[in-house]
Each structure stands twice: as C-alpha cells, then as structure tokens.
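A.B. asks: Structure, please.
(one chain, ligands or ions: 1)
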Amino acid sequence: MKMINIALPKGRLGEKVYGIFEAIGYGCPTILDNNRKLIFENEETGVRYFWVKPSDVAIYVERGAADLGVAGKDILLEHCPDVYELLDLDVGKCRMCVAAQKGFRDDLDRTLRVATKFTNIAKNYYAGQSREIDIIKLNGSIELAPILGMSDVIVDIVETGATLRENDMEVVETITPISARLISNKVSYKFKYADISRLCSKASDYIKEG
Ligand code: PRP
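C.D. replies: Down below sits the predicted model:
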C-alpha cells in the first residue's frame with residue numbers, strides 16, 4: 001500500500017485540521033503525544049503526517065516531500081506555489097484587509113506607504129486600482145508601522161479584529177476572505193490519484209455535513 005504523506009501546519013490550526021482527517025478515517029493516534037517528534041505514521045490507514053511551519057507547507061508540497069498539505073489561502077495568494085488547490089477546509093477563517101489608524105484620510109495625489117508581510121498581495125491589489133504605492137516589508141507586528149508614522153496603511157490578516165481595536169485602528173477595505181485549503185503536489189495527484197481523491201471526497205462530505 002502506498003502511503004499518503006501530509007504536511008500539517010504546526011499549531012492550533014493544524015490540530016483542528018488533523019481532527020478532520022481523523023474523523024474521516026485517517027487517524028494517527030501517536031500524533032497527539034506531547035513530544036517533539038515531527039513525523040508520525042499509521043500503516044493501517046496509510047498516512048504519514050509531518051508537522052511543519054505553516055508558511056512552509058506549500059514548499060514541502062510543491063517539491064513533493066509531501067503529497068498533500070494544508071495551507072492558508074494567504075500563503076497561496078502571496079507565493080503562488082505550483083500545486084493543486086483541492087478543497088476549502090472551512091477552518092482558519094479570517095480576511096486580508098487594508099487597515100489604518102482611525103480617521104485616516106487617503107490623499108490620492110500622494111504615493112501610499114503600505115506596510116505588510118504580504119508584499120505580492122498588496123502590490124497586486126493596488127496595481128488593480130492603478131494606485132502608486134511604496135511597500136514596506138515587515139515580518140510581524142505590522143500594526144506598529146502606522147502608529148509610528150512609518151506607513152499610511154497596512155495590508156494584513158484580520159481575524160477577530162482585536163489587534164486593530166487595541167491599537168486604535170480600523171479596517172479600510174477587505175481585499176479577500178481567507179481560509180485553510182487542502183493542496184496537492186501535481187505529480188502525486190497523478191500517481192496517487194485514487195488515494196488522494198478518496199481522502200478529498202471524504203473531507204468534502206465531512207465539511208458539508210458541518
Ligand atoms: C496576525 C495578524 C494580526 C493578528 C490579527 O498576527 O498579523 O496582527 O494576527 O488577529 P486578530 O484580528 O484576531 O487580532 P500574528 O499573531 O500571526 O503575529 P504577527 O504580528 O507576527 O504577524
């Protein structure tokens with residue numbers, strides 16, 4: 001029997017997603033042991049799981065180290081990995097937004113300074129509006145940039161909105177909704193088609209049932 005290799009994002013989202021796989025018959029009980037192991041397999045169900053950094057999942061899948069993986073739509077939009085997007089798992093829901101300090105007024109005659117981790121998403125969004133921008137690439141705590149006057153707006157993920165609220169900021173525009181997606185390596189999809197499509201349709205039914 002061929003094993004299906006699945007890259008899961010480390011953390012709360014990954015545990016939730018593993019719950020879906022377990023519920024549809026791809027359990028691997030040792031995975032919830034609290035240790036530092038990174039690879040877990042269950043020969044009976046034919047799955048091998050890897051815990052990887054969420055932003056790296058698509059790299060493992062694109063290069064074929066994993067057949068399947070779970071990645072946020074934000075990562076897929078930002079890096080456009082050469083993979084198939086099979087299914088919206090309907091978890092990890094949030095939205096990609098433009099946000100600014102409360103009361104911010106955009107001056108369309110000036111270049112807009114945009115702080116973000118998601119430089120490609122921001123560039124594409126503003127290119128679509130023919131707006132000239134100056135991108136400031138940051139790696140975290142993006143909300144600080146407008147507070148310190150380093151940028152006019154930010155392009156970032158908003159989940160509960162608490163970070164914005166606590167920093168006197170607000171959403172200016174929603175760029176796109178985000179959720180976790182099941183992705184597949186393109187070669188694996190061909191050679192493990194039966195196994196992958198069985199898993200995918202079970203997951204799809206499970207999600208539809210709510
Ligand atoms: C993300 C995002 C926001 C926050 C939004 O940051 O960049 O800062 O979560 O969530 P909320 O709307 O529920 O407050 P993350 O925690 O990933 O850390 P980061 O600052 O390193 O990006």
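
A.B. asks: which residues pair with the one residue sitting closest to the centre of the chain across the strands?
C.D. replies: Centroid check for the chain by CA atoms, centre = their mean gives residue 72 as the closest residue, at 1.4 Å. Residues in a beta bridge with residue 72, per DSSP bridges, are residue 180.

A.B. asks: For it, list the residues it contacts.
C.D. replies: Residue 72 makes contacts with 9, 13, 54, 92, 178, 179, 180, 181, as judged by CB atoms under 8 Å, 6 or more residues apart in numbering. In short, each C-beta sits where N, CA and C put it, glycine included.

A.B. asks: among those, which ones are buried?
C.D. replies: 9, 13, 54, 92, 178, 180, 181 (16 or more other CB atoms under 10 Å).

A.B. asks: Leaving out sequence neighbours, find the closest residue to residue 204.
C.D. replies: Spatial nearest neighbour of residue 204, excluding adjacent residues (CB to CB, 6 or more residues apart in numbering): residue 87 at 5.7 Å.

A.B. asks: Look at that neighbour and report its pLDDT.
C.D. replies: On the pLDDT scale, residue 87 is placed at 98.

A.B. asks: how near is residue 137 to the ligand?
C.D. replies: 13 Å (CB to the nearest ligand atom, to the nearest Å).

A.B. asks: Could you count how many residues lie near that residue?
C.D. replies: 11 (other CB atoms under 10 Å).

A.B. asks: so it makes contact with residue 120?
C.D. replies: No: at 10.5 Å, residue 137 and residue 120 do not qualify as touching, with contact defined as CB atoms under 8 Å.

A.B. asks: show me where the protein has strands.
C.D. replies: According to DSSP state E, the chain carries its strands in the segments 4-9, 39-42, 47-52, 68-72, 84-88, 94-101, 112-116, 133-137, 153-158, 169-178, 180-184.

A.B. asks: looking at the ones you listed, which is buried most?
C.D. replies: Among the strands of the chain, strand 68-72 has the highest mean neighbour count (mean count of other CB atoms under 10 Å), at a mean of 28.

A.B. asks: Could you tell me how far that strand lies from the centre of the chain?
C.D. replies: Distance of strand 68-72 from its chain centroid, counting by CA atoms, centre = their mean, to the nearest Å, is 7 Å.

A.B. asks: what's the spacing between the closest residue in space to residue 66 that isn't next to it in sequence and residue 63?
C.D. replies: In space, and not counting its chain neighbours, residue 66 is closest to residue 7: 3.8 Å by CB to CB, 6+ apart. Noted for residue 7: a distance of 10 Å to residue 63, by CB to CB, to the nearest Å.
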